[in-house]
Structure formats: C-alpha cells, structure tokens
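**Student:** mind folding the following:
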Amino acid sequence: MRSFAPRTGRLLLAAGLVFLMAACNANKSGPTVDLAGYTPDPALKTASAGNLTGRVRHACTVTQARLQNVSEVSLARPCGCYAQRTLSSLDKGELDAYRATGYFNDSAKAKALDALDSCKLPRPV
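**Tutor:** Next up is the predicted model:
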C-alpha cells in the first residue's frame, strides 16, 4: 500500500509557497504569480474545518520557518493562532474559493495578513 503522506506534504508546501508568493506580490505593480500547472488538492472540497486549519497551520510553519530561519516546531503556537484567526475570519465565499483553488483570494489574503500581524508573525516581504 502506497503512503499518501509525501504527496500531501508536497501539496501543503506548494500551497504555502503559493500563498507566500501571492502575498509578496500583493502590493506591487508588475508581474504577478503564475499559477499555470498548479492543481489544488481535490480533498480540499470536502475537508473538515479541523483539516483545513491543520493544512493552513502546516503551510504557515513551513513558510515562516524558511522566512525566519527557525525550526518549524518553534512556530507551532503562532501558526496555530494564524490558522485559527484566518479561517474564522473568512466568509462563505472566501472559504469556498479557498476550497476550490487551494489559495486565498484577494479579500481572504487581506484577512490572512491581518492574522499574521495579530499573531506576531512577520509578513512576507
């Protein structure tokens, strides 16, 4: 039986990197993130709220660990805060868009950046 964990990890990493790249380009006039070839995980459409929170928390820890050059373990609490605040602030349309695409749309991205600030995590530059 083949394990799905490596694929899931890669998908979560890709989602975190897509979010990071999109956030970096949010206020710049110029080229934007090219998502050609990106396929969201179909499991997002039926994932429970707890699973979505875990996915966002994991993407946060991976992205922030690289951004801050610290261990992922040290980011468990602030990234848990970030995931909880972000997902609880999304309206149904934003959540549906996230489930369909695997990344936050513009209005959800603004809420995610506010959650980064609230949880004392650095914004991507």
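**Student:** is D96 in a helix, a strand, or coil?
**Tutor:** The three-state label for D96, taken from DSSP: H, G, I helix; E, B strand; the rest coil, comes out as helix.
**Student:** ok, it - how many residues close by?
**Tutor:** Counted with other Cβ atoms under 10 Å, the neighbours of D96 add up to 13. The C-beta positions use only the backbone N, C-alpha and C, and glycine is treated the same way.
**Student:** pLDDT score for it?
**Tutor:** pLDDT for D96: 96.
**Student:** what's the answer for P122, then?
**Tutor:** At P122, pLDDT is 96.
**Student:** that one contacts L113, correct?
**Tutor:** No. P122 is beyond contact range of L113, at 10.9 Å (criterion: Cβ atoms under 8 Å).
**Student:** those two: which is more packed in?
**Tutor:** L113 (18 against 10).
**Student:** can you tell me the closest non-neighbouring residue to that one?
**Tutor:** R123 (6.0 Å; Cβ to Cβ, 6 or more residues apart in numbering).
**Student:** for burial, what's the neighbour tally of that neighbour?
**Tutor:** Counted with other Cβ under 10 Å, R123 comes out at 13.
**Student:** where in the protein is pLDDT low?
**Tutor:** 1-35 (pLDDT under 70).
**Student:** just the helices in it please.
**Tutor:** 5-24, 49-68, 76-89, 92-101, 106-118 (DSSP state H).
**Student:** for the third one, packing partners?
**Tutor:** Of the remaining helices and strands, those touching helix 76-89 by 3 or more Cβ pairs under 8 Å, 6 or more residues apart in numbering; DSSP states H and E are helix 49-68, helix 106-118.
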